[in-house]
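Asks: Take this sequence and fold it.
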Amino acid sequence: MEGLDHFDDNTGDTVFRDIIFLALAGFVAIVLLLLPHLNPPAKAEAETNAPGNVIVELRWPDELNSDVDLWVEAPGDKPVGYSNKGGVSFNLLRDDLGNLADATRMNYEVSYSRGVPSGEYTVNVHLYRNLSGVGTIPVTVVISVKPSEEAPAKQILATGVKLEHEGQELTAFRFSLDEKGQLVSGSVHDLPRALRARKS
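Replies: Numbering: from 1, shown residues only. A predicted model of the protein is given here:
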């Protein structure tokens, strides 16, 4: 038969290869369509609230090897700082010594209160040691209040102060909170009041 002379034995192999290729392409397409469903995106974690009710944070430049201390005093309580880390209301979470015995380069101290006693609060900063030898150390103080366990913490005050020599203690804030944990209007000032020397 003359018409069959154009076919040879390789025709079956070509058809077989085409079918295998199409099956493989279909399998790859199915895998690509299923990939997003194999590892679904993680759900956003629930919002976490900071511990404590009155939160006082102190920051100074991370590149400075300087020991700046936070001192806080709640109404009717004793001052809390590096040499007295806990009172009736406040606790100092950690005494940051600059670069000494520090796993990170972050220069940060924070105090938390248990409850929100009404009355006047005092927040001081103290330059204990300045191993960096810089003339002025800029310090940021932020105060947030969480009036109840259900409420989120809300920043109420923030300021910057400059420490210029070892042993210097500055009052960053004096302010009053009412029975509901609200800032009393007109109560914010920075009239100096030493806390470090007064431990009782």
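Asks: Residue 89: neighbour count?
Replies: Close neighbours of residue 89, defined as other C-beta atoms under 10 Å, add up to 24. Every C-beta, even on glycine, is put in place using the N, C-alpha and C of the backbone.
Asks: sorry, that was for residue 140
Replies: Neighbour count of residue 140, defined by other C-beta under 10 Å: 16.
Asks: Spatially nearest residue to it (excluding sequence neighbours)?
Replies: residue 59 (4.6 Å; C-beta to C-beta, 6 or more residues apart in numbering).
Asks: Touching, that neighbour and residue 107? I think so.
Replies: Yes. At 6.5 Å, residue 59 counts as touching residue 107 under the criterion of C-beta atoms under 8 Å.
Asks: can you give me the helices in this structure?
Replies: 10-38 (DSSP state H).
Asks: Where does the prediction get shaky in it?
Replies: Scanning the chain for pLDDT under 70 picks out 1-12, 39-50, 100-103, 198-200.
Asks: Give me the longest strand you can find in it.
Replies: Determined from DSSP state E, the single longest strand within the chain is strand 119-130.
Asks: So in that sheet, which strands flank it, and in what orientation?
Replies: Partner strands and pairing direction for strand 119-130 (DSSP bridges) are strand 66-73 (antiparallel), strand 169-177 (antiparallel).
Asks: quick one, which of those is packed in tightest?
Replies: Of all the strands paired with strand 119-130, strand 66-73 has the most neighbours on average by mean count of other C-beta atoms under 10 Å, namely a mean of 25.
Asks: ok, and what's touching that strand?
Replies: For strand 66-73, contacts defined as C-beta atoms under 8 Å, 6 or more residues apart in numbering pick out 56, 58, 60, 79-82, 87, 90, 92, 95-98, 100, 107, 109-111, 121-132, 134, 137, 139, 141, 163, 169, 195-196.
Asks: could you flag which of those residues are buried?
Replies: Those of those that meet the buried threshold are 56, 58, 60, 79-82, 87, 90, 92, 96-98, 107, 109-111, 121-128, 130, 137, 139, 141, 163, 169, 195-196, by 16 or more other C-beta atoms under 10 Å.
Asks: So what's the residue count around residue 160?
Replies: Quick note: residue 160 (other C-beta under 10 Å) scores 10 neighbours.
Asks: from memory it sits against residue 138, does it?
Replies: Yes. Using C-beta under 8 Å, residue 160 makes contact with residue 138 at a distance of 6.0 Å.
Asks: can you give me the strands in the protein?
Replies: Using DSSP E, the strands of the chain run over residues 54-59, 66-73, 90-92, 108-113, 119-130, 137-145, 154-163, 169-177.
Asks: helices or strands up against the fourth one?
Replies: Put plainly, it is strand 108-113. For strand 108-113, the packing partners by 3 or more C-beta pairs under 8 Å, 6 or more residues apart in numbering; DSSP states H and E come out as strand 54-59, strand 66-73, strand 90-92.
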